[in-house]
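Visitor: 3D model of this:
(2 chains)
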Amino acid sequence: MDAIVLTITIFVLAIFVGFEVITKVPPILHTPLMSGSNAISGITIIGALLSAGSQHTMLTSILGLLAVIFATVNVVGGFLVTHKMLSMFQGKG
Amino acid sequence: MSQTWVTLIYLIASVLFILGLKGLAHPRTAVRGNFLGAAGMLLAVIVTLLDRHIISYEMIIIGLLVGAVIGIILANKVQMTEMPQLVALFNGFGGAASVLVAGAALIEIVLVDSSPLLQITIATAVSGTIGSVTFFGSLIAALKLQGLITEEPLRYPGEQVVKGLFLLASIITGILIIIEPSATHMYWIMVVVAAVLGILLTIPIGGADMPVVITLLNSYSGLAAAATGFVLFNNALIIAGSLVGASGLILTNIMCKAMNRSLANVLFGGLGEVSTTGESADSVYGGKVKSTTAEEVAMLLETARRVVIVPGYGMAVAQAQYAIRDLSNLLESAGIEVEYAVHPVAGRMPGHMNVLLAEVDIPYEKLREMDDINPTFEQTDLSIVVGANDVVNPVANTDPNSPIAGMPILNVDKSRTVVVIKRSLSPGFAGIPNPLFAMDNNLMLFGDAKKMVQEMVTAFKETM
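Guide: Coordinates of the predicted model:
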C-alpha cells in the first residue's frame, strides 16, 4: 500500500507544480505551450520502448512497436514544431 | 544499470520538463526551455534503452526510425495556419501510445500474475479509456480543422442520451477489467467503446469552439500518460503526465472564460442555453450600414496617428497576414503607431493569431492581450477588424439575453473609426447580428481580407 500512496503523492504534487508553472506562460505563447506540452506527454515512449524490447509475447512486441511509432511521432514532431514556432518569436523584440 | 540509477535519471528528466515549461514564461527564454524539455526526453529514452528488461532492439529501432521520419516530415511541412490540426493530431498520437502501452502492460502482467494489484488494473482501465477518447476525439478534431469533415456542429435528437449510454458502457467495461483482468480481450472492447465515445463527444463541436476541445484533449493526453505511469509504476510518466494535464486544464479554463461559457455548455451545448430574444438582422442593419473602399480607408489612414488591427480566424482563412505585415510596415514608416489586439479565442486554438503574426515577423511587443489593449481604443484613430466578428460584438456588453452576453470583447467600437473587412454581413459562430456594423463610426469593407488589405497598401502608397 505504501508504494501507491507515494505514487499518488507524486501525482498530486506534480499537478500543483504544473499549475504554478503554466499560469506564468503568457497568452502569446499558448500555441507553442500546447505543442511543447504535447511533446512532453509523449513520455509514454519509455513504456512503449519497454514493451517493444522485452519480448514477452509476439503480441506485446507488436503493440510495443506501434506504441513506439505513435509516441516517437508525438515527441519528435512536437518538439520540432514547437521549436519552429518559438524561433519566430525570438530575437524580433 | 541498477533500478536506483534509472529512477534517479528519470527524476532529472522530470526536472528538465519542469524547467522547460518554466522557460515558456517569456519569448526570450522559450527556445531554451523547449531544448531543455527535449533534452529531458532524450535522457529518459536513453536510460530506458539501457534497462535490463530490454533484450531485443529490432522493434525499437524500427519504431524509432519510422516515428522520427513521420514526425520530422509533418513538422517541416506544416503551415502555421494548419497548426491547430497538427497539434490535435500529435495529441491523439500521444493518447494512442498510452492505449497500446497500457494494453501491452496488462497482457504482460497477467502472464506473471493472474490477480494483479487493484491499483494497476484501475490505472490500466483509466489509461485505456482516456487514451482512446483522446486519440479518436483528436482525430475528429483534426479532420474538422482540416476541413475534411464539416466544421458545423453536428447535433441530432437524443444526442445526450446516446453519449450517456456510451459513457456508461465504457465505465462498465472498465469495471469488468478491474474485476477480471486476465480476460484481456475485454480491454480492447473497452477501448473500442471509448473510441466511439471520443467520436461522439467531438462530432457535435463547431469550429469556433475548437480551442476548448483541443485544450481539453491536450489535458487528456497528459492524464492518459499519468495513468500509464501508475500501471508501470514510473514516476517520469506520472510527473510529465500531470504537468501536461494541468497545462491543458488551465488553457481550457482560459478559453471558457474568454467565451463566458461553462465547459459543460461547450461540450454538451444546448443544455441551459439562454433563449435568444435578440433583434433580427434586418432591424439591426436596416439602412444603417455604410460600406467603404480601400482608397477611402487609405485616406483615413493618412490622418491617423494610432491604428489597431484586430485579427480573427478570417485572416487565417484568407492568408491575409503577409498583406497585413506590409500595411503595418508602411504605416510605421509614415510615423503611425500600429498595434494588434488579440482576443483569447480568436482562431482555432489558444495563441493561434500570435503564431501567424509572429511568422510574418511582427514583433511580439505589438501583439497585445485583450485586457491590456481595451483601455487604449479611446485613443485609437482607426481600428481595422480583419475576419473577426463575435469577439468585437458590443451586444456582449449590452444585451443580457444574448447568447454571448458577458463574453469579454475587444471594445473596437470605442475607437474613432472602425473598418471591418468581411465578405458579407453574415453572422459569426454565435449566429447573431453585430450592431457594430451599423454604428455611426463603423465602415464595412466588403471583400476578401487579403485582397482588401493589398488594395489598401497600394492606395496608401499612392497618397504618400
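Visitor: Apart from its chain neighbours, what residue comes closest to whatever residue of chain A ends up closest to chain B?
Guide: Of all residues in chain A, residue A:72 sits closest to chain B, at 2.4 Å by CB to the nearest CB. The C-beta positions use only the backbone N, C-alpha and C, and glycine is treated the same way. The shortest distance from residue A:72 to any non-neighbouring residue, by CB to CB, 6 or more residues apart in numbering or on different chains, is to residue B:67 (2.4 Å).
Visitor: which residue ranges form the helices in chain A?
Guide: A:2-22, A:30-41, A:45-54, A:58-72, A:78-89 (DSSP state H).
Visitor: which helices and strands does the fourth one pack with?
Guide: The helices and strands touching helix A:58-72, judged by 3 or more CB pairs under 8 Å, 6 or more residues apart in numbering or on different chains; DSSP states H and E, are helix A:45-54, helix B:58-77, helix B:83-112.
Visitor: So for the second one, what gets flagged as buried?
Guide: Yep, that's helix B:58-77 we're talking about. For helix B:58-77, the neighbour count (16 or more other CB atoms under 10 Å in any protein chain shown) marks B:59-60, B:63-64, B:66-68, B:70-71, B:74-75 as buried.
Visitor: Name the residues that touch that helix?
Guide: A:48-49, A:52-53, A:61-62, A:64-78, A:80-81, A:84, B:49, B:54, B:86, B:89 (CB atoms under 8 Å, 6 or more residues apart in numbering or on different chains).
Visitor: For ChimeraX, write a command that selects the buried ones of these.
Guide: Those of the contacts of helix B:58-77 that count as buried under 16+ other CB under 10 Å are selected in ChimeraX with:
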select /A:48,49,52,53,61,64,65,66,67,68,69,70,71,72,73,74,75,76,77,78,80,81,84 /B:49,54,86,89
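Visitor: what does the stretch 151-300 of chain B put close to chain A?
Guide: Counting by CB under 8 Å from any CB of the partner chain, the positions of the stretch 151-300 of chain B adjacent to chain A are B:214-215, B:218, B:221-222, B:224-226, B:228-248, B:250-251, B:254.
Visitor: and with 7 Å instead?
Guide: B:218, B:221-222, B:225-226, B:228, B:230, B:232-247, B:250-251 (CB under 7 Å from any CB of the partner chain).
Visitor: Any chance of the helices and strands packed on helix A:58-72 in a markdown table with distance to residue B:133 and mean pLDDT as columns?
Guide: Putting those into a markdown table (distance: least, CB to CB, whole Å; pLDDT from 0 to 100) gives the following:
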| stretch | distance to residue B:133 | mean pLDDT |
| --- | --- | --- |
| helix A:45-54 | 19 | 93 |
| helix B:58-77 | 22 | 95 |
| helix B:83-112 | 7 | 94 |
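Visitor: Columns distance to residue B:141 on top of these, output as CSV?
Guide: What follows is those, written out as CSV (distance: least, CB to CB, whole Å):
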stretch, distance to residue B:141
helix A:45-54, 23
helix B:58-77, 16
helix B:83-112, 4
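Visitor: can you tell which of those helices is closest to residue A:19?
Guide: helix B:83-112 (19.9 Å; CB to CB).
Visitor: if you look at that closest one, does any of it touch chain A?
Guide: Yes. Applying CB under 7 Å from any CB, one finds helix B:83-112 in contact with chain A at B:83, B:86-87, B:90-91, B:93-94, B:96-98, B:100-101, B:103-105, B:107-108, B:111.
Visitor: Sounds good, over and out.
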